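Undergrad: Need a 3D model of the following:
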Amino acid sequence: MKSVDLRLDRIFDVAERDEVEESLPVEIDSESENRDSDVDEDYAESRRKYYELLDKGNIAIEGALELAQETDAPRAYEVVGQLLKVNSEINTEIIDLQLRMEELKNSGMQQPSSVTNALFVGSTTELQKMLKGDKKNVSKRDSKS
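TA: Numbers count the residues shown, from 1 in each chain. From the prediction side, this is the model:
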């Protein structure tokens, strides 16, 4: 504790504070051993939250619609329209979540269909001649060896 803090504590008759240790944030292992299960859990949790939002949105829409019909206020109908829009966006997010999950699962399964490695054995001059299309000189030299 600093001396200034100690003097202020004495002046204002404050009990001494215990030193608080600052804890460092816990690092999360980026390459989790259970990555697949983590992904599945996150997907399930996200999906559950979206459906909770939809349910709450439906309740809010019903309440706002009743209020709008009772008061016949334009602002109340505007709120109902905004709530409907938000609920439709949540539906879209649910579909996007499913598509992203499918892409994530399929990305690990796909193997490259074919791998082609081109290898040139020769000198740089032969390579330049070949790239320029002067294959006659390259083929003559190959026939000599």
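Undergrad: residues of whichever strand or helix holds K105 that come out buried?
TA: Assigned by DSSP states H and E, K105 belongs to helix 74-109. By 16 or more other C-beta atoms under 10 Å, the buried positions in helix 74-109 come out as 76-77, 79-80, 83, 87, 90, 94, 101. To be clear about C-beta, it is placed using only N, CA and C from the backbone, and glycine gets the same treatment.
Undergrad: swap in stretch 63-77?
TA: Buried residues in stretch 63-77, defined by neighbour count with 16+ other C-beta under 10 Å: 64-65, 68, 76-77.
Undergrad: could I get the residues you listed as a markdown table with distance to K105?
TA: Output for the buried residues of stretch 63-77, formatted as a markdown table (distance: C-beta to C-beta, whole Å):
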| residue | distance to K105 |
| --- | --- |
| A64 | 39 |
| L65 | 40 |
| A68 | 43 |
| A76 | 44 |
| Y77 | 43 |
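Undergrad: what sits against Q98?
TA: By C-beta atoms under 8 Å, 6 or more residues apart in numbering, no residues touch Q98.
Undergrad: From E45, how far out is it?
TA: Q98 sits 14 Å away from E45, going by C-beta to C-beta, to the nearest Å.
Undergrad: and what of V86?
TA: Using C-beta to C-beta, V86 is found at 20 Å from E45.
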